[in-house]
Every structure is written in structure tokens, then in C-alpha cells.
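# Structure of the sequence below:
(chains A and B)
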Protein chains: 2
Amino acid sequence: MKQSIGAKTLAVPTPVWLIGTYDDKEKPNLMTAAWGGICCSRPPCLQVSLRAATYSHGNIMKRRAFTVNIPGDDYWREADYLGIASGRDTDKISNTCLTVTKSELVDAPIVEQCGLVIECKLKETVELGLHTMYVGEIMDVKANESALKDGKLDIKKIKPIIFNPGDSGYFSVGEKISDAFKQKTPPKNRVKQHHNRCC
Amino acid sequence: MKQSIGAKTLAVPTPVWLIGTYDDKEKPNLMTAAWGGICCSRPPCLQVSLRAATYSHGNIMKRRAFTVNIPGDDYWREADYLGIASGRDTDKISNTCLTVTKSELVDAPIVEQCGLVIECKLKETVELGLHTMYVGEIMDVKANESALKDGKLDIKKIKPIIFNPGDSGYFSVGEKISDAFKQKTPPKNRVKQHHNRCC
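Numbers count the residues shown, from 1 in each chain, chains lettered A, B, ... in the order given. The predicted structure follows:
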């Protein structure tokens, strides 16, 4: 039986991304965001959604660029801290073990310790309510060499954090289930049953 | 060392969601989408991005509603199939063990076998290129009673599939790392090191 739990942002999985920006004094800032996702393949785009009250929100408006830095799950404490403190009154990055360099492609900083970094130029701004959605066009993706094999990205080396808004928990990525785009015909050996699992 | 891998949609994690719609003959359709994410807390909104060529794209345009049905990882074959076949020339749902009922809140079908279902009314349409981004306002979320404990959603009972665009692989959710919103002060016992991991 299903139970109504209200009109809430309870989708899963959501990401744990460090959004990198510069302020107007060139101070780099990182803010943790879970409201985001890919939104177009051509041009390649992703969206991250931030509250207007955040320091990063103003930075993106002014610099029209940001990075998405994907921390490994051993950096969950840094990610958690960077989602609580504000760059408005703290140099958050200096308070952590993280270090940044300037992207050569976009006006935003790159986190050296993140295994996967996505450099974005602001393409669209959509005001939705409490959050502003920033659509960034992906200019390049950079990955640790150790996470690449035959040009493919090994998620078990990147070790992204999964956020569950339903219990405010961080989770790791588990085992590989299968390659995608294999099941070109309907799956067999399944029985259609109402109100019940079928496998 | 980081290596450039080009301007590609290689963010992680991405979700595996079944987008539920009706066509103009009331035929329900399900399409698998990985380009999506939450994008606003108030009003609660999420976005899913679909190519104009898909059958679901036209359905959302006409009915101005959709559901996000989150299949457990034992349904990866169904999810994979529903992402390859088209509802334009097949009754995809009939070809699987999945069954749907009509949402009472929005003009879209709900998948009975999915442990978590999000009912959305279309709020915004953003044309980005190959993909159209549909922003849906979340009208309600329904979860299996077995996945709820003290009002919290157990992601290990929902078992969402994680998609890695970097190797086209499906993954399960792993172990819980921590509760979020704990690290109000900078993490201790870390050494700042350039070009190196710090923990």
C-alpha cells in the first residue's frame, strides 16, 4: 500500500555537488547543492538550483559561470560543512583541506581533490520560487586519470555521494547492476500482478 | 592528474525515473529518463528533460502533467526496456509486468510496482536544444508504507537505480555514510595538501 507523504522534494537519488564560483573580489567559494541534474544532451547542459540568499547565487549572477565539483564520499564532512556555512562571512575553502585552481575555460574555480569536475557557462536563469535554477552549458569535463579506463568513467573511483532528502542521509554508490541499453525486447519470465511485485 | 574528457553530459549520480503520461487516446505510457533532478523547494519542483522526438514529450505538452515513478533496482530490465522502445508504436506497459492506475491529483498514470511516486503538474517548459526541460510542480509524493519509518523515507527500501552516463552502467545505492547537516564547524584532523588527497 502506498501512503501520501505530501508535496515535498522527496525524489531519489539526488547528487552532492560542490558549486564553485568567484565573488567580485576574486575570492573563490564552494557551496554544496543537491538540487541539480543534467538537462540537455546537445548542447550539453546541467542545472543547479540555489536560493537567492546564498553567496554563490550572487556570484553566478555576476560572473555568469560556475563549476560542478563532485567530491568522493570520503569528503562527506567537507561537503556537509560547505552546505551549512556561508561564504558571505567566512572563507569556507580555507577552513577545509580543499584547494582550488582557476579554470582555464570558465570564470570559476576547480577543486583539486574532486575526481570529476564540470566547467559551465551560464546559459539560462529560471526563477521558480525559493530557488533560482541556473542552467549551465558544459564547456568541458575533467576527470582523474585513475578514474578513466578506455575512455569510460569508473563511478566506483569517483565515489559520488548520494543524498536522500527523505531522511537527510548521505549514501555511497553500491554495486554495478548491469550495463544499460541491453533490453531491446520486453523482459521475459515476469508475471503481471496487480498490487504486487512481479519479480 | 586530471584529464579533459570533453564537453559531455558526464555528471554523477543521475537518476533512473519512469515518466508516466497519457496520450490523447488515454493510453498510458512510461519512458525512462536520467536527465532530471529537483529544482525548487517552495513550491516543490523537479525537472525532467526529454527529446522532442519521444512520445512522452507530446503527451506532456498536451496533458500538462506527468508522474515520476522510481523503480527499485530489481526492475532494471523493465526500466532499460522502457528507455529503448517507443510508446508511439508499442503499448510498452502491456509488454512488461508493470501495472498503472490513474493519479487522483494529476492527469497521469502511477506505477503500482514503484515504491516512490511523484505527481507533477507542468509549471514551466524550457527549450534548451535537443532536450526540452519540463519543470513540474510536485502536487504529492506517495511511498510504499514499508519504506516509511517515523515519517522518514528509507532509500534502502526504495532501492533507486543510479545511472552513470560515463560508462552507461546501472548501479545500486550502497551503504549509509552519515546523516547530513551535522558538520557545523570545519572538519578537523585534515591536512591541506596540494594535488593530493587529504584524508
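
# rest of the way, CA atoms for contacts and neighbours
OK.

# Could you list the buried residues of stretch A:96-110?
For stretch A:96-110, burial by neighbour count (16 or more other C-alpha atoms under 10 Å in any protein chain shown) applies to A:Thr96, A:Cys97, A:Leu98, A:Thr99, A:Val100, A:Val106, A:Asp107, A:Ala108, A:Pro109, A:Ile110.

# Among these, which are located in helices?
Using DSSP state H, no member of the buried residues of stretch A:96-110 sits in helices.

# check these against chain B, which are close?
A:Thr96, A:Cys97, A:Leu98, A:Thr99 (C-alpha under 8 Å from any C-alpha of the partner chain).

# ok, now which ones touch the first one?
Residues counted as contacts of A:Thr96 (C-alpha atoms under 8 Å, 6 or more residues apart in numbering or on different chains) are A:Glu78, B:Pro186, B:Pro187, B:Arg190, B:Lys192.

# quick one on the thing from earlier: using a markdown table, lay out the ones next to chain B among the buried residues of stretch A:96-110 together with distance to A:Pro13 and pLDDT.
Shown next, in a markdown table, are these (distance: C-alpha to C-alpha, whole Å; pLDDT from 0 to 100):
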| residue | distance to A:Pro13 | pLDDT |
| --- | --- | --- |
| A:Thr96 | 26 | 95 |
| A:Cys97 | 27 | 94 |
| A:Leu98 | 25 | 97 |
| A:Thr99 | 28 | 97 |
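
# quick one: which two of these are the most distant?
A:Thr96 and A:Thr99 (8.2 Å; C-alpha to C-alpha).

# contacting residues around the residue lying closest to A:Gly151 once chain neighbours are set aside?
Nearest residue to A:Gly151, sequence neighbours excluded (C-alpha to C-alpha, 6 or more residues apart in numbering or on different chains): B:Ile5, at 7.9 Å. The neighbourhood of B:Ile5, defined by C-alpha under 8 Å, 6+ apart, consists of A:Asp140, A:Val141, A:Lys142, A:Ala143, A:Gly151.

# just the buried members of those residues?
Neighbour-count burial (16+ other C-alpha under 10 Å) applied to the contacts of B:Ile5 gives A:Asp140, A:Val141, A:Lys142, A:Ala143.

# got the contact list for the second one?
Under the criterion of C-alpha under 8 Å, 6+ apart, the contact list for A:Val141 reads A:Leu116, A:Val117, A:Ile118, A:Glu119, B:Ser4, B:Ile5, B:Gly6, B:Ala7, B:Lys8, B:Leu10.

# Assign A:Met61 to helix, strand or coil.
Under DSSP: H, G, I helix; E, B strand; the rest coil, the three-state class of A:Met61 is helix.

# Number of residues surrounding it?
Around A:Met61 there are 14 other residues, counting by other C-alpha atoms under 10 Å in any protein chain shown.

# same check, this time on A:Asp89
Taking other C-alpha under 10 Å as the criterion, the count of residues near A:Asp89 is 8.

# What of A:Lys182?
A total of 11 residues lie near A:Lys182 under the criterion other C-alpha under 10 Å.

# returning to that earlier point: sort out for me which of the contacts of A:Val141 are in strands.
Judged by DSSP state E, the subset of the contacts of A:Val141 located in strands is A:Leu116, A:Val117, A:Ile118, A:Glu119, B:Ser4, B:Ile5, B:Gly6.

# In a markdown table, list those residues along with distance to A:Ser86.
Below are the ones in strands among the contacts of A:Val141 laid out as a markdown table (distance: C-alpha to C-alpha, whole Å):
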| residue | distance to A:Ser86 |
| --- | --- |
| A:Leu116 | 23 |
| A:Val117 | 22 |
| A:Ile118 | 22 |
| A:Glu119 | 22 |
| B:Ser4 | 31 |
| B:Ile5 | 32 |
| B:Gly6 | 32 |
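
# From these, pick the one nearest A:Leu82.
Nearest to A:Leu82 out of those is A:Val117 (C-alpha to C-alpha; 16.7 Å).

# Okay then, goodbye and thanks.
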